[in-house]
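>>> fold the following.
(one chain, ligands or ions: 1)
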Amino acid sequence: MGRLRLGILASGRGSNLQALIDACADPAFPAEIALVLSNRPGAQAIARAQAVGLGTGIVPHEAFADRESHERAIDAALAGAGVELTCLAGYMRLLTPWFVERWRDRLLNIHPSLLPAFKGLDTHARALAAGVRFHGCTVHFVRPEMDEGPILAQAAVPVVPGDDAERLAARVLAAEHRIYPLAVRLIAEGRARVAGERVAIEAPAPAPEGLLNPAA
Ligand code: GRF
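Numbers count the residues shown, from 1 in each chain. Okay, here's the model as predicted:
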C-alpha cells in the first residue's frame, strides 16, 4: 500500500512541520508530505519545506474577497496534490464550517494544551496562572468550533518550580513534536478512526499509569 499523502497548513515557525518532515524521512513511516501551504509568504515553515524539496504554495488570505474563497483555493491545491489527510501545524486562521465539513475526519490540528482545558491562545501563561501540575498538548480532529473535536493523542508534561511561560512552552513543544507524527502514524496505519465523535484506537499502547507531580 502507498504512503498516506499529507497536506500541511502552516503560518509561522513550522517546528511541527519539521517534526513531520523528519518522521516522513524514514521510509518505514506510513505517510509522506505531498504539499505544504501557507497564507504567509515569509513563513519559516515554507523555507523548511523548500529546504528538503517539498512542494509548497502560498495562498495569501488578503488576496481573496472572503474566507470561503480563500479556503476554496486551498482546497483546490490540496486536491490537486492528491492530499488525503490535512494537518494544521500552527495555521493561524480560523477555518470556515465549509472547509471543516469538506475535510471532516481528514483534518487534524495540534493545540498546546490538554484539551478541553485552555482552548485558544496564551495557553502556557494561562496554565501557570491556573496552577495546574500537568500541562501538555493535544492532536485532535477539527470541528467548526475552535479547538474542538475528537481527541486522537495527548502528551502531558509536568509544570515544575521556576517555570515561566517560555520554559513551559519549550517543554510542551518537545512533546508536540513527538505526538504529531504518532497521531499521523495511527491514522496512516488505519488504527484510528472517528466513531460517535470519539476516536477509537486499535491496539493502543497505553501510557503508564499513575504519573504524579510532585512525584513524592
Ligand atoms: C504550536 O504550539 C502548535 O501547538 C500551535 O501553534 C504552534 C505552532 O508552532 N497550534 P510551529 O509553527 O509548529 O513551530
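>>> got the CA positions of stretch 105-114 in CSV?
Extracted as CSV, the C-alpha positions of stretch 105-114 are listed here (Å, rounded to 0.1, in the frame of the first residue of the first chain):
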residue,chain,number,x,y,z
ASP,A,105,-12.3,13.4,9.7
ARG,A,106,-9.4,14.1,7.4
LEU,A,107,-8.3,17.3,9.1
LEU,A,108,-6.0,17.3,12.2
ASN,A,109,-4.9,20.1,14.5
ILE,A,110,-2.3,20.3,17.2
HIS,A,111,-3.0,22.5,20.2
PRO,A,112,-0.7,23.4,23.0
SER,A,113,-2.8,22.3,26.0
LEU,A,114,-4.5,19.2,27.3
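>>> all numbers from here: first residue = 21
Sure, I'll start counting at 21 from here, so that last one is stretch 125-134.
>>> that stretch and the ligand, any residue contact?
Yes - using Cβ under 6 Å from any ligand atom, we find that stretch 125-134 touches the ligand at Ile130, His131, Pro132. For glycine as for every other residue, the C-beta is placed from the backbone atoms N, C-alpha and C.
>>> tell me the buried residues in that stretch?
Neighbour-count burial for stretch 125-134 flags Arg126, Leu127, Leu128, Asn129, Ile130, His131, Pro132, Ser133, Leu134 (criterion: 16 or more other Cβ atoms under 10 Å).
>>> what distance do you get for Arg218 to Asn129?
As judged by Cβ to Cβ, to the nearest Å, Arg218 and Asn129 stand 17 Å apart.
>>> same question for Gly169.
Counting by Cβ to Cβ, the gap from Gly169 to Asn129 is 7 Å.
>>> overlap in contacts, these two.
His160, Phe161, Val162 (Cβ atoms under 8 Å, 6 or more residues apart in numbering).
>>> now for the most centrally placed residue in the chain: which residues touch it?
Nearest residue to the geometric centre of the chain (Cα atoms, centre = their mean): Ile130, 3.0 Å. Ile130 is in contact with Asn36, Cys107, Leu108, Ala109, Cys157, Thr158, Val159, Glu196, Ile199, Tyr200, counting by Cβ under 8 Å, 6+ apart.
>>> burial count for the first one?
Residues near Asn36, counting by other Cβ atoms under 10 Å, number 25.
>>> which residue sits closest to Val152, ignoring its sequence neighbours?
Nearest residue to Val152, sequence neighbours excluded (Cβ to Cβ, 6 or more residues apart in numbering): Val179, at 6.1 Å.
>>> in the protein, which helix is the longest?
Ordering each helix of the chain by length in residues (DSSP state H) puts helix 185-208 first.
>>> please name every helix or strand in contact with the following helix or strand past that helix.
Following helix 185-208 in sequence order, the next helix or strand is strand 212-215 (DSSP states H and E). For strand 212-215, the packing partners by 3 or more Cβ pairs under 8 Å, 6 or more residues apart in numbering; DSSP states H and E come out as strand 218-221.
>>> quick one: distance of the strand it packs on to the chain centre.
Chain-centre distance of strand 218-221: 17 Å, with Cα atoms, centre = their mean, to the nearest Å.
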